[in-house]
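> Starting from these lines, generate the structure:
(chains A, B, C and D)
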There are 2 protein chains.
Amino acid sequence: MAAQRGQRNGVGVTPPAPTAAEITTPIPRVTEVPAARERARAIPEAAVARLAVYLRVLSGMQEHGAGTVSSEELAAAAGVNSAKLRKDLSYIGSYGTRGVGYEVTVLIEEIERILGLTRKHSVAVVGIGNLGHALANYGGFPGRGFPVTALFDVDPDLVGVPVGGLPVEHIDDITRVCSEREVSIGVIATPPPAAQSVCDRLVSAGVQCILNFAPVVLQVPDHVEVRKVDLAVELQVLSFHVARRADNAAVLAEASARSANGRAVDGLVVS
Amino acid sequence: MAAQRGQRNGVGVTPPAPTAAEITTPIPRVTEVPAARERARAIPEAAVARLAVYLRVLSGMQEHGAGTVSSEELAAAAGVNSAKLRKDLSYIGSYGTRGVGYEVTVLIEEIERILGLTRKHSVAVVGIGNLGHALANYGGFPGRGFPVTALFDVDPDLVGVPVGGLPVEHIDDITRVCSEREVSIGVIATPPPAAQSVCDRLVSAGVQCILNFAPVVLQVPDHVEVRKVDLAVELQVLSFHVARRADNAAVLAEASARSANGRAVDGLVVS
DNA sequence: CTGACTTTGTGCACACGTTCACAAGCGGTA
DNA sequence: TACCGCTTGTGAACGTGTGCACAAAGTCAG
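Now for the predicted structure:
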């Protein structure tokens, strides 16, 4: 658990579109930088995820020719409450006009900027089974900006076979290929036992963001960002709600039986 | 938006294991059931999701022949801090032995009970495209307890074709088939425009839990539980972190430049 | 039986995220 | 120009979830 950060890799920079040209240089290695943390961390993780949703909704509105939206409209379409929406938007700046609303195009631009969508993020998919196939075939991946540029698998029979227009590479070439193609996001769609090893290889190839579909808790150095999509967990959470619902129903049934017994109850009883 | 609950269906109960026989007691009140809510809702959503993870880790340990685990070990394997793990487990009861740890089999049983995994949950997949194919082929779905019992699509050419050993049905039969097979979880893997309509049909077929893979915000009555898996959002959140990292690097660079200028900075700077 | 050691279960404080409610600000109108 | 109605942006209250730290409770050795 003890710190143990470090493990810097050679920072394979090569100026990746002039997001900021003069950056990157020295690396003073800082354990805590309050100010930097403050400014960038100001926007909560949960809000970031919602911004992505707002962005999608806004794109839809733009295609329908909408010029402006109020927080109320946008919130309804995104399935959140309007106060939360306004607060989320306030994290990225003040781009609304009081009494009017938000200009759709402006909002889209600003959210894209904050989410870093002005830059292309090259994606590699590892594990070309059922799921990997599906992911590779999404083609360009949901929304533009995330081109799939590499596919990997262990199975020699798969190597060279084009999937979604891209030939599968052998997993042993992962480091080389990821560097060459400047992969910034790795997607793990392998069977569970292979996941950690694949993850390690991706990390040592310089990939700093990983999307993990394997039902495994990945161990990574803390400069690497992992998000996981776990089908089993999702289903089990739903299962829990089914069970909870059944319990509640039991309670309600009993309560209603009791009230039918003649005693008045203090709540509304629906017929 | 206004309340509008109701829409009860025949509550296909079949006693779901005697969770607690004598409990439950008083509580009239229908529109809100404080105590029932309290007891069942006592366990936070975030904790439920983690319990599913603990369960998986525990199963792995059981196969490796472990008899007991300490909170420390289990926490490390699950990637959380041990205090949180103990608190999560305390939500479901006290099944540990001080000075020793938890008995693996006991913990597995209890978590399964809480998550409602003692009952089978029949799953229907709607939309047999790339993703739907992948989901159908998971076969039995991650971990047992979630048998896929129906597949649906609009495409007439697909109807009757077996996928993962199960023939695809036409989507118009969704209500009938879901009722017949007592589907409790619906999985939406259709293109975005179809998602809401499919969702509505599932709901009117009595399905109360939905797992949504379509990048759409679903509108459902509030007795229906929806969880969504949104690839685009996941990728965009990762993209945000890439951007943030770049920003931080820039700030660090600036800070270091300043400190090199002779002035101390307000953070700790390690070599 | 006693005492040393280990690990659970939880009270408490803190941080984060959500919601409320309202002042500030803008456009339209007379 | 002055007023009115509408919508944003945000300070503050609230609730939930997280992490710390320790008493309680068990095991084991002698």
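> Let me see the confidence value for A:D222.
Looking at A:D222, its pLDDT stands at 85.
> That one: which element?
Assigned by DSSP states H and E, A:D222 belongs to no helix or strand.
> same check, this time on A:P215
Residue-wise, A:P215 maps onto no helix or strand under DSSP H and E.
> how many other residues sit next to it?
19 (other CB atoms under 10 Å in any protein chain shown). Every residue, glycine included, has its C-beta placed from N, CA and C.
> my guess is it contacts A:P191, does it?
No. With contact defined as CB atoms under 8 Å, A:P215 does not count as touching A:P191 (9.5 Å).
> right, is the strand or helix carrying A:L85 up against chain B?
Following DSSP H and E, the helix or strand that holds A:L85 is helix A:82-92. No. If you take CB under 8 Å from any CB of the partner chain as the test, helix A:82-92 misses chain B, and the best it gets is 10.9 Å.
> packing partners for the helix or strand following that helix?
As assigned by DSSP H and E, the chain's next helix or strand after helix A:82-92 is strand A:96-97. Identification of packing neighbours for strand A:96-97 by 3 or more CB pairs under 8 Å, 6 or more residues apart in numbering or on different chains; DSSP states H and E yields no helix or strand.
> Contacts for the next helix or strand after strand A:96-97, please.
Downstream of strand A:96-97, the next assigned helix or strand under DSSP H and E is strand A:101-103. Strand A:101-103 is contacted by residues A:67-71, A:73-74, A:89, A:95-97 when judged by CB atoms under 8 Å, 6 or more residues apart in numbering or on different chains.
> farthest-separated two in those residues?
Among these, the pair separated by the greatest distance (CB to CB) is A:G67 and A:L89, at 17.2 Å.
> between these two, which one's more packed in?
A:L89 (22 against 10).
> ok, back up a step: which parts of the helix holding A:L85 count as buried, going by neighbours?
A:85, A:88-89, A:92 (16 or more other CB atoms under 10 Å in any protein chain shown).
> For chain B, state which of those residues is nearest.
Using CB to the nearest CB, A:I92 comes nearest to chain B of the buried residues of helix A:82-92, at 10.9 Å.
> Now the closest one: closest residue in space, sequence neighbours ignored.
A:I114 (4.9 Å; CB to CB, 6 or more residues apart in numbering or on different chains).
> Next, that neighbour: phi, psi?
phi -60, psi -40 (degrees, to the nearest 10).
> cool, A:V123 as well?
phi -120, psi 140.
> which ones are touching it?
A:141, A:146-149, A:183-187, B:235.
> Run through who's touching the strand or helix carrying A:R113.
If you go by DSSP H and E, A:R113 is part of helix A:104-114. Helix A:104-114 has contacts (CB under 8 Å, 6+ apart) with A:43, A:51-52, A:54-55, A:58-59, A:61-62, A:66-69, A:89, A:92-93, A:95, A:118, B:240, B:243.
> Would that helix count as contacting DNA strand C?
No. Judged by CB under 7 Å from any atom of the strand, helix A:104-114 stays clear of DNA strand C, getting no closer than 13.7 Å.
> tell me the angle the helix holding A:L85 makes with helix A:104-114.
60 degrees (axes from the mean of the first three to the mean of the last three CA atoms, to 10 degrees).
> what helices or strands is helix A:82-92 leaning on?
helix A:45-63, helix A:71-78, helix A:104-114.
> any chance of the buried residues of helix A:82-92 in CSV, with pLDDT and distance to B:C199 too?
Formatted as CSV, the buried residues of helix A:82-92 follow (pLDDT from 0 to 100; distance: CB to CB, whole Å):
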residue, pLDDT, distance to B:C199
A:L85, 98, 23
A:D88, 98, 25
A:L89, 98, 27
A:I92, 96, 31
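> which of the residues you listed sit farthest apart?
A:L85 and A:I92 (12.0 Å).
> Quick check: neighbours shared by the two?
By CB under 8 Å, 6+ apart, no residue touches both A:L85 and A:I92.
> Close to DNA strand D: what parts of the stretch 51-200 of chain A are there?
A:69-72, A:82-83, A:86-87, A:89-90, A:94-102.
> Now find how far off-centre the one helix or strand A:H241 maps to is within its chain.
Element membership of A:H241, judged by DSSP H and E, is helix A:231-260. Mean-position distance between helix A:231-260 and its chain equals 31 Å (CA atoms, centre = their mean, to the nearest Å).
> Could you pull out the buried residues of that helix?
Neighbour count says helix A:231-260 has A:231-248, A:250-252, A:254-255, A:259 buried, by 16+ other CB under 10 Å.
> neighbours of whatever residue of the stretch 101-250 of chain A ends up closest to DNA strand D, just the number please.
Nearest residue of the stretch 101-250 of chain A to DNA strand D, counting by CB to the nearest atom of the strand: A:G101, 3.9 Å away. Look at A:G101: counted by other CB under 10 Å, it has 18 neighbours.
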